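Enquirer: Please work out how this folds:
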Amino acid sequence: FGVYDVDSSGGISIEENHKIDQQQAQEAGQPFDEKQSTDSFKTTDENSDGEVTLSEFIQAMLTQQHEAVAMYNAECQKLLGPHSIFDGVQDCACVEGYELDSQQQTCVPKGGGGQGAGGLGGLDKLALDPKSMGL
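Expert: This next block holds a predicted model:
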C-alpha cells in the first residue's frame with residue numbers, strides 16, 4: 001500500500017496508481033496499459049470516491065489471492081483429478097485419504113492400488129509450472 005500511496009496521505013489516487021503501475025511496467029520491460037490500470041483502480045475503489053483506502057486495498061489483495069488459489073486448484077485437478085488441491089506454495093497434492101498412483105498421474109484412494117510418490121519423502125505432490133499456466 002505504501003508504494004502506491006506516494007504522498008503518504010493514507011489513500012491512493014488514480015494518478016498515484018497510474019504512476020506506480022507505469023513504473024512497474026517499465027521495470028518489467030512491459031508496455032504500460034492505462035486502461036487496465038484504471039479498470040483495476042475502479043474495481044479496488046469499492047465506494048467509488050476516487051481514492052483507494054488501506055481497507056479497500058487489502059480486500060482487493062485478498063480477493064486476488066483467493067482467485068489465484070482457485071485457479072491453481074483447478075489446474076491441479078486437471079493434472080491429478082478431482083481429489084487434488086494446490087498446497088499453497090507451488091505443488092499439487094492429493095487430499096487427505098488419497099495418494100498419487102504408481103505413475104504419479106492421478107490421486108487414488110490410499111490402499112487402493114496406488115504406490116505413493118516414493119522418493120518425495122512420502123508427500124504425494126506434483127510441482128506446478130506457473131509459466132505453463134500463463135502466469
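Enquirer: What's the separation between Tyr4 and Cys94?
Expert: 39 Å (CB to CB, to the nearest Å). Yep, even glycine has a C-beta here, placed from its N, CA and C like the rest.
Enquirer: These two: which is more packed in?
Expert: More crowded of Tyr4 and Cys94, by other CB atoms under 10 Å: Cys94, with 27 against 17.
Enquirer: who's the more buried one bridged to?
Expert: Beta bridges link Cys94 to Ser84, judged by DSSP bridges.
Enquirer: And the strands in the chain?
Expert: 11-13, 51-53, 84-86, 91-94, 98-100, 107-109, 125-127 (DSSP state E).
Enquirer: any idea of the mean pLDDT in stretch 69-89?
Expert: In this model, stretch 69-89 has an average pLDDT of 92.
Enquirer: In that stretch, which residues are buried?
Expert: Tyr72, Glu75, Cys76, Gln77, Leu80, Gly81, His83, Ser84, Ile85, Phe86, Asp87 (16 or more other CB atoms under 10 Å).
Enquirer: The fifth one against Val108, yeah?
Expert: Read that as Leu80. No. At 9.8 Å, Leu80 does not count as touching Val108 under the criterion of CB atoms under 8 Å.
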